[in-house]
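Student: Just a sequence and a predicted model for now, questions to come.
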Amino acid sequence: MHTETHHLEGATPGLRAELTVLHFGPRDRGPKAAIHAALHADEVPALLVAQCLRERLAQLEADGRLLGEVRLVPVANPLGLAQRLLGRHEGRFDLRDGLNFNRGYPDLAEAAHARLQTPLGADAGANVATLREALRAAAEAEILRAQTMTEHLKRRLLLNAIDCDVVLDLHCDSEAVVHLYALTPHQPLAEELGAWLGARAVLLALDSGDGPFDEACSRPWVQLQQRLPEHPLPAACFAATVELRGEADVNLAQAGADADALLNFLHRRGFIAGPLPVPPAALCEATPLSGSEPIQAPHAGIVVFEAEPGQALAAGEAVATLVCPSTGRRTVLRTQSAGLLYARIATRWAAAGQRLGKVAGRSLARTGKLLSA
């Protein structure tokens, strides 16, 4: 294992923060993967899975079984991990400006296209190598433009992953079953990853609308395919956001099983020597992210859930009852379409307009920003 420590530059004199990247396997040959944990900082299930991965990758490396490089970031957001406000942890948003740590990543497609030093040709593999160099150069330029610690963190994470074949962004939700987000063109890979993890929802979009980390790694390839249609060019980076259940789902046995599932996926991508493992049967089919239905509170009140994460719901079925403590009014919140409740909030008080749950379905066709804030 090789350890890299990156200092996160910021605008405040005297303050320092660091991002640690652990490199396993050969760095000069084979496929490359980047895995990082808890971009929203307090996603403890992701942090624990990263520790299990660390142990397993170290053993695979010692056994000489790693055929490619795995870049593991065990703590993807040290800035958010340090944020406490009035005794409560806030890891999702930067307290400096309120921006989500997993939104607003730069789109490098145009910059990479402008930086092409070698003309593309008829060899798809050579074209991929050329464009990876251009994407990495574009990501390095973004680091030079970073002004705050958060900007530097985001761009350093992007540089760590931009030239990889596989990028896995490990998160968790509030209360949830395992679910994934990935690009629509990567449906077969996303469904296989979901099968390994026992995912109950696999949500696909070509553009979710708000620049999350995973799409910053994978979407440039789709955009470059469109810009360069005369050259063979695969969508060479599979990136996924992996939601590892709910924030209280923390135990070593489950984390170890999740780490094994992720390694099995990498094994089938050529990262690990040995007989290929056979994926288990999938527990769900992928559905469009645009078909995911947010269940929102029309007014403030006490939340009484009628449905559990992982429950299949018919159209019109109750998800929750909202009780106003001032008036006694009860409002039953129902689905518009059939689907599976894959996540809900962990608290039981809702503000007006708050998203309380998410149902994976096919009937809706939402547009605009498809992810939660």
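Tutor: Right, received. Where do you want to start? If you're wondering where the values come from, they're calculated on a predicted model, not measured in any experiment.

Student: tell me the domain ranges of the protein?
Tutor: By the assignment in automatic domain parsing, the chain contains the domains 2-285, 289-360.

Student: Could you point out which of those sits nearest Arg366?
Tutor: domain 289-360 (4.8 Å; Cβ to Cβ). The way it works is simple: take the backbone N, C-alpha and C, and place the C-beta from them, glycine included.

Student: got the buried residues for stretch 97-108?
Tutor: Within stretch 97-108, the residues scored as buried using 16 or more other Cβ atoms under 10 Å are 100-103, 105-106, 108.

Student: from the residues you listed, which is closest to Gly328?
Tutor: Asn100 (35.9 Å).

Student: ok, that closest one - contacts?
Tutor: 92-94, 210, 373 (Cβ atoms under 8 Å, 6 or more residues apart in numbering).

Student: Let's see the helix or strand hosting Ala255 as PDB, backbone CA atoms only.
Tutor: Assigned by DSSP states H and E, Ala255 belongs to helix 252-267. Output in PDB follows, covering the C-alpha atoms of helix 252-267 (Å, rounded to 0.1, in the frame of the first residue of the first chain):
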ATOM      1  CA  LEU A 252     -19.200  -5.200  11.200                       C
ATOM      2  CA  ALA A 253     -20.800  -8.300   9.600                       C
ATOM      3  CA  GLN A 254     -22.900  -6.300   7.200                       C
ATOM      4  CA  ALA A 255     -20.000  -4.000   6.400                       C
ATOM      5  CA  GLY A 256     -17.800  -6.900   5.600                       C
ATOM      6  CA  ALA A 257     -20.400  -8.500   3.300                       C
ATOM      7  CA  ASP A 258     -20.700  -5.100   1.500                       C
ATOM      8  CA  ALA A 259     -16.900  -4.900   1.100                       C
ATOM      9  CA  ASP A 260     -16.900  -8.400  -0.300                       C
ATOM     10  CA  ALA A 261     -19.700  -7.500  -2.800                       C
ATOM     11  CA  LEU A 262     -17.700  -4.500  -4.000                       C
ATOM     12  CA  LEU A 263     -14.600  -6.600  -4.400                       C
ATOM     13  CA  ASN A 264     -16.500  -9.300  -6.300                       C
ATOM     14  CA  PHE A 265     -17.700  -6.600  -8.700                       C
ATOM     15  CA  LEU A 266     -14.100  -5.400  -9.200                       C
ATOM     16  CA  HIS A 267     -12.900  -9.000  -9.600                       C
END
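
Student: Which strands and helices lie in contact with that helix?
Tutor: Secondary-structure packing of helix 252-267 (3 or more Cβ pairs under 8 Å, 6 or more residues apart in numbering; DSSP states H and E): helix 44-62, strand 166-173, helix 187-197, strand 238-246.

Student: What's the first helix or strand after it?
Tutor: strand 287-288.

Student: Tell me which of the domains of the chain lies nearest to Gly368.
Tutor: Among the domains of the chain, the nearest to Gly368 by Cβ to Cβ is domain 2-285 (5.7 Å).

Student: Run the chain-centre distance for the closest one.
Tutor: Put simply, domain 2-285 sits 7 Å off its chain's centre (Cα atoms, centre = their mean, to the nearest Å).

Student: Compute the first-to-last residue distance for that domain.
Tutor: 38 Å (Cα to Cα, to the nearest Å).
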